[in-house]
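Student: this one's sequence-less:
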């Protein structure tokens, strides 16, 4: 469904991506890990066409999107949603208006249909009754939940999560992880998540991909990933503490 | 590197920047031709750029008119021509001071805020979020502001002119004792329609300059607090300088 072939990118004169080959499994949660500054967010932005590669290809269901512009690119983006690191909520709009935004602006939807869909999503992410608040009045965790509700409201096929738990305490981070996994299982979308949360990601991801020196060094299921012989990767994942070897199955 | 090469590089950088700015404006206006029109956004921006600038424009206009009358009265009195005070105030207001000062006040009040608002949206990835939702940021964010600048600034200039002329009346007639009939008659006989047209044309183009430059600087701000501060300063300085330069060219065209 989502595939990157030989993607390279230079930023500020420095090579960031040096030939990314990645085939994202459909309907699964794939987590990309790597050291800070390795280009994980840059990689994510290539998947949705926010950045264009210097060379290489990005395929979405048989369509090569890296050279698309304007209307053609927007047509592909309609299948995506993205949860940004800081949630990227529009600060001049309330939580309700933020979640309703793509419905109103893209689908030109109005009235009670908007209200019912937004209320449903807010309830699913645990923000029922908070629709009247502005993003500035929310905690970091609540903002991420609102961002997730906005991402889910259009029922996308692919959702990209850019470090969804950055800046949250461990309990809040766990609740966001649980929410993402439960939503992913419930709706079956393809999820790609950039995260530093080791070892938690081994318990929630279907696949782990390690970005190292601008390339995908390893991509495997969590149990297999942890058996890697690469000493650098072993050191990277071992500093996170105890690693559950199998995926935790939580209730959707 | 030789001085000539340095100057060449500087010139190329600025020509490229001007090209980017022009493409930004043309692309933003091109979105007007494609639905949806986003009338609500345009009205919201008109409220922000136009209505919310009214107070500062009225204040500036009143004192500009008053000081013009004060200066003009003592100059005209030397020639026994106090009766021409109204025309001196009105022509200065309509031809030059109204469009220029109103546009500069809008730049200071609304233009800087536009740059800061769009810049913060860029830094906090709100503009990227629009892109990911398949909503074009130019159409949603920029086009309504350009349209609001085109409509709002001429309306503010009209208010500026009227308030300024009444400010001149207050000082000239009420305080310094110029005959009220002379004041208004001199305006009627001296002001021509081409002065009014010229003022309108100036104000429309100044409205475009303010909204265009300030939107552009915010949209392409550097991703830091310092970068946003620099972008806001550049937006205000560049808008103000362009207004003054463009004013000279338009004035020389009408003369």
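Tutor: It's in. None of these values were measured; they are calculated from a predicted model.

Student: could you show me where the helices are in the stretch 151-252 of chain A, in order?
Tutor: A:170-187, A:200-204, A:222-225, A:231-238 (DSSP state H, counting those that start in this stretch).

Student: same thing with the stretch 151-255 of chain B?
Tutor: Going by DSSP H, counting those that start in this stretch, the stretch 151-255 of chain B shows helices at B:180-190, B:193-219, B:225-254.

Student: and those, which is most packed in?
Tutor: Stretch with highest mean neighbour count among the helices of the stretch 151-255 of chain B: helix B:193-219 (a mean of 22; mean count of other C-beta atoms under 10 Å in any protein chain shown). Glycine gets a C-beta too; all of them are placed from N, C-alpha and C.

Student: same for it, what does it pack against?
Tutor: On a contact count with 3 or more C-beta pairs under 8 Å, 6 or more residues apart in numbering or on different chains; DSSP states H and E, helix B:193-219 meets helix B:3-30, helix B:98-106, helix B:112-123, helix B:143-169, helix B:225-254.

Student: for the second one, what is the average pLDDT?
Tutor: Think helix B:98-106. On average, the pLDDT along helix B:98-106 is 97.

Student: just the angle between it and helix B:112-123, please?
Tutor: 40 degrees (axes from the mean of the first three to the mean of the last three C-alpha atoms, to 10 degrees).

Student: what does helix B:98-106 rub up against?
Tutor: Helix B:98-106 is contacted by residues B:49, B:53, B:56-57, B:60-61, B:64, B:149, B:152-153, B:156-157, B:159-161, B:164, B:199, B:202-203, B:206-207, B:209-210, B:240, B:243-244, B:247 when judged by C-beta atoms under 8 Å, 6 or more residues apart in numbering or on different chains.

Student: quick one on the thing from earlier: can you redo the helices and strands packed on helix B:193-219 as a markdown table with distance to residue A:89?
Tutor: Shown next, in a markdown table, are the helices and strands packed on helix B:193-219 (distance: least, C-beta to C-beta, whole Å):
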| stretch | distance to residue A:89 |
| --- | --- |
| helix B:3-30 | 24 |
| helix B:98-106 | 29 |
| helix B:112-123 | 11 |
| helix B:143-169 | 20 |
| helix B:225-254 | 19 |
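
Student: Show me the one of those helices that comes nearest residue A:131.
Tutor: Closest to residue A:131 of the helices and strands packed on helix B:193-219 is helix B:112-123 (C-beta to C-beta; 21.6 Å).

Student: same for the helix or strand just after that closest one, what does it pack against?
Tutor: Downstream of helix B:112-123, the next assigned helix or strand under DSSP states H and E is helix B:126-132. Identification of packing neighbours for helix B:126-132 by 3+ C-beta pairs under 8 Å, 6+ apart yields strand A:80-83, helix B:112-123, helix B:137.

Student: which outside residues touch the helix or strand just after helix B:126-132?
Tutor: Downstream of helix B:126-132, the next assigned helix or strand under DSSP H and E is helix B:137. Contacts with helix B:137, where a contact means C-beta under 8 Å, 6+ apart, come from B:127, B:130, B:131, B:219.

Student: Would you enumerate the residues in contact with the closest residue to the last one other than its chain neighbours?
Tutor: For residue B:219, the nearest residue in space outside its immediate sequence neighbours is residue B:118; the separation is 5.5 Å by C-beta to C-beta, 6 or more residues apart in numbering or on different chains. Under the criterion of C-beta under 8 Å, 6+ apart, the contact list for residue B:118 reads B:127, B:141, B:142, B:215, B:218, B:219, B:221.

Student: Serialize the residues you listed to JSON lines and add fields for distance to residue B:97 and pLDDT.
Tutor: JSON lines is the format used below for these (distance: C-beta to C-beta, whole Å; pLDDT from 0 to 100):
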{"residue": "B:127", "distance to residue B:97": "37", "pLDDT": "96"}
{"residue": "B:141", "distance to residue B:97": "32", "pLDDT": "95"}
{"residue": "B:142", "distance to residue B:97": "30", "pLDDT": "96"}
{"residue": "B:215", "distance to residue B:97": "26", "pLDDT": "97"}
{"residue": "B:218", "distance to residue B:97": "28", "pLDDT": "97"}
{"residue": "B:219", "distance to residue B:97": "31", "pLDDT": "97"}
{"residue": "B:221", "distance to residue B:97": "32", "pLDDT": "94"}
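
Student: Go through the residues you listed and say which is closest to chain A.
Tutor: Proximity of the contacts of residue B:118 to chain A (C-beta to the nearest C-beta) peaks at residue B:127, which lies at 8.7 Å.

Student: From residue A:88, how far off is the closest one?
Tutor: Look at residue B:127 and residue A:88: by C-beta to C-beta, to the nearest Å, they are 9 Å apart.

Student: From residue A:12, how far out is the most centrally placed residue in chain B?
Tutor: Residue closest to the average C-alpha location in chain B (C-alpha atoms, centre = their mean): residue B:103, at 2.3 Å. Look at residue B:103 and residue A:12: by C-beta to C-beta, they are 37 Å apart.

Student: Same check on residue B:37?
Tutor: 39 Å.

Student: picking that back up, on the pLDDT front, check the residue nearest to residue B:219 for me.
Tutor: For residue B:118, pLDDT reads 97.

Student: One more: the one 3 residues further on?
Tutor: At residue B:121 the predicted local confidence, pLDDT, stands at 96.

Student: what's the neighbour count on the closest residue to it other than its chain neighbours?
Tutor: Spatially, and ignoring its direct neighbours in sequence, residue B:121 is nearest to residue B:127 (5.1 Å; C-beta to C-beta, 6+ apart). For residue B:127, the tally of surrounding residues (other C-beta atoms under 10 Å in any protein chain shown) stands at 21.

Student: and residue B:127, what does it touch?
Tutor: Contacts of residue B:127 by C-beta under 8 Å, 6+ apart are B:118, B:121, B:137, B:141, B:219.

Student: dump the residue contacts of residue B:132.
Tutor: Contacts of residue B:132 by C-beta under 8 Å, 6+ apart are A:48, A:50, A:77, A:80, A:81, A:82.

Student: Okay, now the unreliable bits of the stretch 51-200 of chain B?
Tutor: Applying pLDDT under 70 to the stretch 51-200 of chain B flags no residue at all.

Student: For it, what lies in contact range of chain A?
Tutor: B:120-121, B:124-126, B:128-129, B:131-136, B:140 (C-beta under 8 Å from any C-beta of the partner chain).

Student: one more time with 6 Å, if that's ok
Tutor: B:124, B:125, B:126, B:128, B:129, B:131, B:132, B:133, B:134, B:135 (C-beta under 6 Å from any C-beta of the partner chain).

Student: Find the residue closest to the fifth one in space, skipping its chain neighbours.
Tutor: What it means is residue B:129. Once flanking residues are discounted, residue B:129 sits nearest to residue A:88: 4.0 Å by C-beta to C-beta, 6+ apart.

Student: got the residues of chain A near chain B?
Tutor: A:48, A:50, A:74, A:77, A:78, A:82, A:84, A:86, A:88, A:90, A:102, A:105.

Student: Let's see that with 8 Å instead.
Tutor: Residues of chain A lying near chain B (C-beta under 8 Å from any C-beta): A:45, A:48-50, A:74-75, A:77-78, A:80-82, A:84-86, A:88-91, A:101-102, A:105-106, A:108, A:154.

Student: Using ChimeraX, make a named selection holding only the buried ones among these.
Tutor: Filtering the residues of chain A next to chain B down to the buried ones (16 or more other C-beta atoms under 10 Å in any protein chain shown) takes a single ChimeraX command:
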select /A:45,48,49,50,74,77,80,81,82,84,85,86,88,89,90,101,102,105,154
